[in-house]
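>>> Okay, sequence plus prediction incoming.
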There are 2 protein chains.
Amino acid sequence: MTSSARAPRGATSDYRAIAHELREAITAGRYQPGDKLPSERALAEQHGAARNTVREAIAALRREGLVSAEHGRGVFVRAKPRWMRFGRRRYSAAMRATNELGPFGAEAVAQGRRPHVDSRITRIEAPAEVAERLGIVPGTLVVQRENWYFADDEPLQIGITYATWSLVEGNPLADSADLGPEGIYGQFAALGHVITHVREEISARMPTREEAQRMTIPDGVPVIDLWHTGINADREPFEVTRFVMRADFAALDYDMPVED
Amino acid sequence: MTSSARAPRGATSDYRAIAHELREAITAGRYQPGDKLPSERALAEQHGAARNTVREAIAALRREGLVSAEHGRGVFVRAKPRWMRFGRRRYSAAMRATNELGPFGAEAVAQGRRPHVDSRITRIEAPAEVAERLGIVPGTLVVQRENWYFADDEPLQIGITYATWSLVEGNPLADSADLGPEGIYGQFAALGHVITHVREEISARMPTREEAQRMTIPDGVPVIDLWHTGINADREPFEVTRFVMRADFAALDYDMPVED
DNA sequence: TAGTGGTCTAGACCACATC
DNA sequence: ATGTGGTCTAGACCACTAC
């Protein structure tokens, strides 16, 4: 690599070559998930490069989500996580009746992880994005139920549910974390809103700085940003939930008829 | 910033402060989409920092997708793109009958962009991921129809469709880019497979290095990775398509009944 | 030719993890 | 105390764009 200052660059570069070598070693299995890479200083010496150049290579691998740096410990090969899959059936009555943990808990347990949900319930004025989907005027009072979903104490997903205050007032939906065995859709059903359709608007993006911090999202991992609207038998929306999920553990799996 | 070498770091750092200032200027509108930021050297002088430190700040903004660097020209504020939305109805008979452009073309035209599709049709042995979804043995001959979708000559999406060779042999599906006015599902219908259900498996991830190059994906933009399976009236899968879409322009929008 | 971003060097000190 | 990654400096040359 000492030739780099003289040789033409462009198609290639030292840091790319180093990244390529490490990437290949990882995909070939010479470094296993969880393994520690040599230190930046060691790699620099091995390649006859400056430490900054090695850092460029590692930065590239981090962007790709292949490795993860831990301050003071080292750079580690990321494990390929198993995915939790969420689908249409999570809203069905059958799911509600048979499953006390909810779809998140069920998925987590199936993967041998310990689920745990934190809730924070407040009353706010509906933001535009919520009002639009609920068909109400922005500023109308709504309940906001913010749920953080953890697996083994690692926050993997946030879901913030909104419904008009006038609908939920007096119901556990308005102030209680415990919604009983039939969960959120059981309570809405008791209020006369049986979920029959859902609308799911899905996009993906990089996490905001705040999301990355609060959810401890590793480098190079996008989030799935999902707006979910619950719709009743009269085709009226009665509930909106925004999910933000780490894309490296979550996937969506829908099967649906082409026509209604 | 000259104090940085002496002041404790941790909660903050020079490059973070510079990134913060630029980020705020962008979100406040002092830099508009398309505007050029000051050069790295100018920013370094303004902040009394080394150029590398400014580059760290810009790297952070690039990861967030806020700015885009162009070699030899400068660093520019990225425009917030409008999204194309793809939903369930793209598979409906009504859509097929009324729309010659297909869902991609329709969306592009609606946004005032010029659509264009490149196709490459080959015959291959089914990869495991395809075979699994089609319910066939890996290695079975399948047609592979690789479509590149462009808007204003910018590649935004790839869709690779697979179907068993024995099914499509002799049909335009086997070798022709032109599938007639009713498109791909019209041809499958003619072969006795009317699409009645779809399964859509959705995940998001950073693009591979190759995808980023071939699709010219800017920094900090993830892709939506979608496996679509077409299912006929007998509940048999007959077609699989893998879509890879730039997440900064594509979104998915499904509405569906909770029960069949 | 001038100005831009891209890459690289050879150091330095700080903050964190581990023993 | 040692080793790790995190941040920073003050330079240098290369590659690309625009004039």
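Done, it's in. Note that the structure is predicted; figures quoted are calculated from it, not measured.

>>> okay, CA-based contacts and neighbour counts for the rest of this
Will do.

>>> so what's whatever residue of the stretch 1-150 of chain A ends up closest to chain B up against?
Nearest to chain B in the stretch 1-150 of chain A, going by CA to the nearest CA, is A:Ser92, at a distance of 5.7 Å. Counting by CA atoms under 8 Å, 6 or more residues apart in numbering or on different chains, A:Ser92 touches B:Val258, B:Glu259.

>>> mind checking the SS state of the closest residue to A:Met215 other than its chain neighbours?
Take A:Met215 and drop its neighbours on the chain: the residue closest to it by CA to CA, 6 or more residues apart in numbering or on different chains is A:Pro155, 5.4 Å away. Counting by DSSP: H, G, I helix; E, B strand; the rest coil, the backbone at A:Pro155 sits in strand.

>>> In this structure A:Pro155 contacts A:Trp148, no?
Yes - if you go by CA atoms under 8 Å, A:Pro155 and A:Trp148 touch, sitting 6.7 Å apart.

>>> show me where the stretch 51-200 of chain A has helices.
A:51-63, A:93-98, A:102-110, A:128-134, A:165-168, A:183-190 (DSSP state H, counting those that start in this stretch).

>>> What mean pLDDT does the last one get?
This means helix A:183-190. If you average the pLDDT over helix A:183-190, you get 91.

>>> quick one on the thing from earlier: near the residue nearest to A:Met215, how many other residues are there?
20 (other CA atoms under 10 Å in any protein chain shown).

>>> just to revisit the earlier point, to B:Ile231, which of the helices of the stretch 51-200 of chain A lies closest?
Checking these against B:Ile231 by CA to CA gives helix A:93-98 as the closest, at 23.5 Å.

>>> helix, strand or coil for the closest residue to DNA strand C within the stretch 101-250 of chain A?
At 13.0 Å from DNA strand C, A:Thr216 is the closest residue in the stretch 101-250 of chain A, using CA to the nearest atom of the strand. Counting by three-state DSSP, the backbone at A:Thr216 sits in coil.

>>> From DNA strand D, how far off is it?
Between A:Thr216 and DNA strand D the computed distance is 13 Å (CA to the nearest atom of the strand, to the nearest Å).

>>> In contact with the residue nearest to that residue when sequence neighbours are not counted, which residues?
Among residues not flanking A:Thr216 along the chain, A:Pro155 sits closest, at 7.4 Å (CA to CA, 6+ apart). Residues near A:Pro155 by CA under 8 Å, 6+ apart: A:Trp148, A:Tyr149, A:Met215, A:Thr216.

>>> Name the SS class of A:Phe243, please.
strand.

>>> gap between it and chain B?
Per CA to the nearest CA, to the nearest Å, A:Phe243 is found 14 Å from chain B.

>>> can you check A:His228 too?
Taken as CA to the nearest CA, the span from A:His228 to chain B is 10 Å.

>>> Tell me the pLDDT of that residue.
95.

>>> Please verify my assumption that it contacts A:Val198.
Yes - using CA under 8 Å, A:His228 is in contact with A:Val198, at 6.9 Å.

>>> who touches A:Trp148 in this structure?
With CA under 8 Å, 6+ apart, A:Trp148 has these contacts: A:Val117, A:Asp118, A:Ser119, A:Pro155, A:Leu156, A:Gln157, A:Ile158, A:Gly159.

>>> What sits closest to A:Ala126 if chain neighbours are left out?
A:Gly139 (4.7 Å).

>>> Surely the one you found and A:Glu129 touch.
No - between A:Gly139 and A:Glu129 there is no contact under CA under 8 Å: 11.0 Å.

>>> Return the helix or strand in chain A with minimum mean pLDDT.
Using mean pLDDT, DSSP states H and E, helix A:93-98 stands out as the lowest-scoring helix or strand of chain A, at a mean of 64.

>>> bridging residues for the residue nearest to A:Thr216?
Beta-bridge partners recorded for A:Pro155 (DSSP bridges): A:Phe150.

>>> Okay, it and chain B: tell me how far apart.
Counting by CA to the nearest CA, the gap from A:Pro155 to chain B is 18 Å.
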